[in-house]
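Colleague: next comes the sequence, and after it the predicted model I'd like to discuss.
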Amino acid sequence: MKPLAATDPASIGPYRLLGVLGRGGMGRVYLGESLTGRRVAIKVIRVDLAEDPEFRRRFEREVTAARTVNPLYTAPVVDADTAATAPWFATAYIDGPSLSARVASDGPLGSGATLTLAAGLAEALASMHEAGLVHRDITPGNIILNDSGPHIIDFGIALTPHTTKLTAGQTMGTPSYIAPEVIQGGPAGPASDVFSLGATLVFAATGRHLITDGPLAAQVLQITRGEFDLAAVPKQLRSLIVWCLSVRPEQRPTAAELARIVVGSGVAKPGPRWYASTDPAPPVALPASRRFSRRHVLLGAGIAGLAALGAGAAAVAGAFGAGRRTPAASTSAPPGRSASATTAPPSLLAGDRPGRVVWEARSGVTPLGPSPSGLQSPIRVVVDLDGRQLIGASGSRVFAVGLDGVERWSHTLPTGLVNLWPWGDAVLVSDYRRLWLVNARTGGEEFVVDAADREEVDSRGDNPDGHPIQIGGVALSDELTFVGLGTATIALERSGARRWRRSRPDARNGVRPPAGVPLAYGDGWLVTHDPAGSLVELGLRNADSGALRWLVQYEPAAAPNLPPPGPPGSRPGPKVDEAWHRSEGRVGTDLILVREVQEVRVVSLANGTRVWEQSSQTPIAAIELMGDQVLIGADRVRAYAFRTGAARWEADLRGARMAALPDGKAVFVASEYGLSSLDDNGQVLWHADYPRSVSNAVADRVTVAGNLGLVTFRPREERLEPLDVDVLAIALDSL
């Protein structure tokens, strides 16, 4: 607080002024005192501004908006005179610093305190949105901290259900905290406040604004593209913040949803000087459909999956700025479809229209044939977006290559064939028996775990059937790696320490099955899958403790008449598709989807009972969950109701690899006929031919990253040389 100047009044209304809390372009904020000594903050508007009728109406709206907010979450209005020559209103005085002042004086908040801040702000915004109020100016300067939590102030540009929008061309909010849709001239809504909350959390955790460099026009462009540098944000908070900063408003959480998730994580409640706490944040479990990482994208032949990119697809395009940018792909209809059915709306045909190749990349990794027995489909390349580099594996060598083609580091392991998984700011590497965690920046080993050697000791006397002890499958959560070893399933922490070990169950029907190969992780649960003699055994474990929730056995479908994937080390070719032999799973809210080669089964998450099953008469290339539908890609794409198995629709797209868009209303497809997008009724939204750069390659897998579709490729014919291009990024809508 600063002392009153000679030009400041001594009192306003019934309140004696004690000092100046702040000065701005619209006026001043004073600390006042009532006749009985109760302190208030008084906002007074400049006389010249008050002469503008529109400005005075805006000020009246601010007072109206402030009065509608639950006083738990703001400074309640106690008095006002909007008709005075210099309009003013008074609120209860909150004795505490603003977030911007707190960070300026003492540095960023700890991760735990930032999460407490997130919970308080989300709860406050949820209350405002429930009342129909959109704040539109959530910034560090408009958040006051005291022992009871954060409080949101300054409703000068808020929208209520009873007010109209500001006229076009007026500047609203602080540039670094404006949502992309508002910058582009769209309406502000509750999702815009959530974006501003995410930007505020970045400031709280790092002391830096979301966008800091360059002229205003460049900053605005970065916001609309979602090009945010979040490397300094603590890892525990990054996924949550990236979710709030999604470029598309429909992909952000609601404030109420955010509050429930953060509070459910066990976040500390506000207390005396909670914002000075250095306690770490507890892990925050995002819904399975919302988990993503903007750090890594998986590429390469035999890829096991692609991590979704937060902060928008433009961040991906920016990461490949040094690579090739191709002309727009031609837009045409796939076989069996009319061209009119694929015509994009006129608004999407300018710039990066749907189906356009935004960038293409060459990993430089030597192609490999089908994975050897016991290993999942091998991952050969990880793209580290933060480091702008590719991390690849060829033989016993793991290496990083910058996008300029210059090798940055190389690490040789005492093994042959290895598998890669991105894991936070590192890469997990495995062979049959060991796991390494390799630093993505330096290539240094952060840990090495001789998992099979230790299991041979731990399982002595407990392996009468002679099950081979080797790494048979890996699944990851944010904090744990789950490893199947034949005689046991283990969970490793990021330090390499073992969280738990669960040995195989007792014999059933005269057969003692393996301990369970990790098949899928989702929402705190680990799904395991194993053959048990003539049966299949499916299990569900608590991911944190390893406790078994249920274990069921069932007879698999008759073995399909498929060509084998080939012996270890064989070369890829056009006739054998490794995806045909794959087992995979997806975890829904209360159902689990499991694919075993050509059989698809849906079981209850509660007890493992079968809900429905479907066998394909032709080889399956991929499965996907899209909203309330299960998609099976074989000779055609077929859709079934997730809960009942009822047939929904079919599309004539053979060999489809698929990835659902986050809203569950469309799916991105790479098939033998090209690239397509289908809506949830199976109608073609658009279709594009493959570019010539991948004419000698076959689509392997796809994923959706923001508003990009990513496609990886494997060689069409036998070859030893790396493909010239083995990954494409495709625009799914206007960028």
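Modeller: Structure received.
Colleague: what is the burial count for the closest residue to residue 230 other than its chain neighbours?
Modeller: The shortest distance from residue 230 to any non-neighbouring residue, by C-beta to C-beta, 6 or more residues apart in numbering, is to residue 238 (5.9 Å). (Each C-beta comes from the backbone N, C-alpha and C, glycine too.) Residues within reach of residue 238, counting by other C-beta atoms under 10 Å, total 25.
Colleague: got it, and residue 63?
Modeller: Residue 63, neighbours per other C-beta under 10 Å, totals 19.
Colleague: likewise residue 236?
Modeller: 20.
Colleague: cool, and residue 582?
Modeller: Applying other C-beta under 10 Å, we find 18 residues neighbouring residue 582.
Colleague: same check on residue 1?
Modeller: For residue 1, using other C-beta under 10 Å, the count is 10.
Colleague: over to residue 418?
Modeller: Considering only other C-beta under 10 Å, residue 418 is surrounded by 23 other residues.
Colleague: contacting residues around it?
Modeller: Contact analysis of residue 418 by C-beta atoms under 8 Å, 6 or more residues apart in numbering lists 393, 396, 398, 429-431.
Colleague: filter the residues you listed to the buried ones?
Modeller: By neighbour count, with 16 or more other C-beta atoms under 10 Å, the contacts of residue 418 hold 393, 398, 429-431 as buried.
Colleague: now do the strands in the stretch 401-550 of the chain.
Modeller: Along the stretch 401-550 of the chain, counting by DSSP state E, counting those that start in this stretch, strands occupy 407-412, 419-423, 426-430, 435-439, 445-449, 473-476, 480-484, 488-493, 498-503, 517-522, 525-532, 535-542, 548-554.
Colleague: dump the ones you listed to JSON lines, plus mean pLDDT and distance to residue 579.
Modeller: Shown next, in JSON lines, are the strands of the stretch 401-550 of the chain (pLDDT from 0 to 100; distance: least, C-beta to C-beta, whole Å):
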{"stretch": "strand 407-412", "mean pLDDT": "89", "distance to residue 579": "30"}
{"stretch": "strand 419-423", "mean pLDDT": "85", "distance to residue 579": "17"}
{"stretch": "strand 426-430", "mean pLDDT": "91", "distance to residue 579": "21"}
{"stretch": "strand 435-439", "mean pLDDT": "94", "distance to residue 579": "25"}
{"stretch": "strand 445-449", "mean pLDDT": "94", "distance to residue 579": "29"}
{"stretch": "strand 473-476", "mean pLDDT": "90", "distance to residue 579": "16"}
{"stretch": "strand 480-484", "mean pLDDT": "94", "distance to residue 579": "20"}
{"stretch": "strand 488-493", "mean pLDDT": "94", "distance to residue 579": "25"}
{"stretch": "strand 498-503", "mean pLDDT": "93", "distance to residue 579": "30"}
{"stretch": "strand 517-522", "mean pLDDT": "90", "distance to residue 579": "16"}
{"stretch": "strand 525-532", "mean pLDDT": "85", "distance to residue 579": "17"}
{"stretch": "strand 535-542", "mean pLDDT": "90", "distance to residue 579": "19"}
{"stretch": "strand 548-554", "mean pLDDT": "90", "distance to residue 579": "23"}
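Colleague: these: which one's closest to residue 278?
Modeller: Of all the strands of the stretch 401-550 of the chain, strand 488-493 sits nearest to residue 278, with 21.8 Å by C-beta to C-beta.
Colleague: listing partners with orientation, what would you give for the closest one?
Modeller: According to DSSP bridges, strand 488-493 forms sheet pairs with strand 480-484 (antiparallel), strand 498-503 (antiparallel).
Colleague: got the contact list for the first one?
Modeller: Applying C-beta under 8 Å, 6+ apart, the contact partners of strand 480-484 are 421, 423, 428, 430, 435, 451, 471-476, 489-493, 499, 514-518, 521, 526, 528, 543-544.
Colleague: change it to 7 Å
Modeller: 428, 435, 451, 471-475, 489-493, 499, 515-518, 521, 526, 543 (C-beta atoms under 7 Å, 6 or more residues apart in numbering).
Colleague: which secondary element of the chain has the worst mean pLDDT?
Modeller: Ranked by mean pLDDT, DSSP states H and E, the weakest helix or strand in the chain is helix 314-319, scoring a mean of 31.
Colleague: got TSV for the strands of the stretch 401-550 of the chain, with distance to residue 701 too?
Modeller: Formatted as TSV, the strands of the stretch 401-550 of the chain follow (distance: least, C-beta to C-beta, whole Å):
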stretch	distance to residue 701
strand 407-412	26
strand 419-423	15
strand 426-430	19
strand 435-439	23
strand 445-449	28
strand 473-476	17
strand 480-484	21
strand 488-493	25
strand 498-503	30
strand 517-522	15
strand 525-532	20
strand 535-542	24
strand 548-554	28
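Colleague: host element of residue 91?
Modeller: In the assignment (DSSP states H and E), residue 91 maps to strand 88-92.
Colleague: measure residue 77 to residue 150 for me?
Modeller: Distance, residue 77 to residue 150, by C-beta to C-beta, to the nearest Å: 18 Å.
Colleague: tell me which of the strands paired with strand 488-493 lies nearest to residue 198.
Modeller: Nearest to residue 198, of all the strands paired with strand 488-493, is strand 480-484, at 26.1 Å by C-beta to C-beta.
Colleague: give me the angle between the closest one and strand 435-439.
Modeller: 150 degrees (axes from the mean of the first three to the mean of the last three C-alpha atoms, to 10 degrees).
Colleague: just the buried residues out of the contacts of strand 480-484, in ChimeraX syntax.
Modeller: Per 16+ other C-beta under 10 Å, the buried members of the contacts of strand 480-484 correspond to this ChimeraX selection:
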select :428,435,451,471,472,473,474,475,489,490,491,492,499,515,516,517,518,521,526,543
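Colleague: more crowded one of residue 77 and residue 150?
Modeller: Comparing residue 77 with residue 150 by other C-beta under 10 Å, the one with more neighbours is residue 150, at 27 against 21.
Colleague: the more buried one sits in which helix or strand?
Modeller: Residue 150 belongs to strand 149-152 when assigned by DSSP H and E.
Colleague: from the contacts of residue 418, pick the one nearest residue 537.
Modeller: Nearest to residue 537 among those, with distances taken as C-beta to C-beta, is residue 430, at 23.0 Å.
Colleague: now do the closest one against residue 499, distance only.
Modeller: From residue 430 to residue 499 the distance is 17 Å (C-beta to C-beta).
Colleague: tell me which other helices or strands the biggest helix by length in the chain touches.
Modeller: The residue-count maximum for a helix in the chain (DSSP state H) belongs to helix 111-130. Applying 3 or more C-beta pairs under 7 Å, 6 or more residues apart in numbering; DSSP states H and E, one finds that helix 111-130 contacts strand 149-152, helix 190-206, helix 235-244, helix 255-264.
Colleague: no further questions, thank you.
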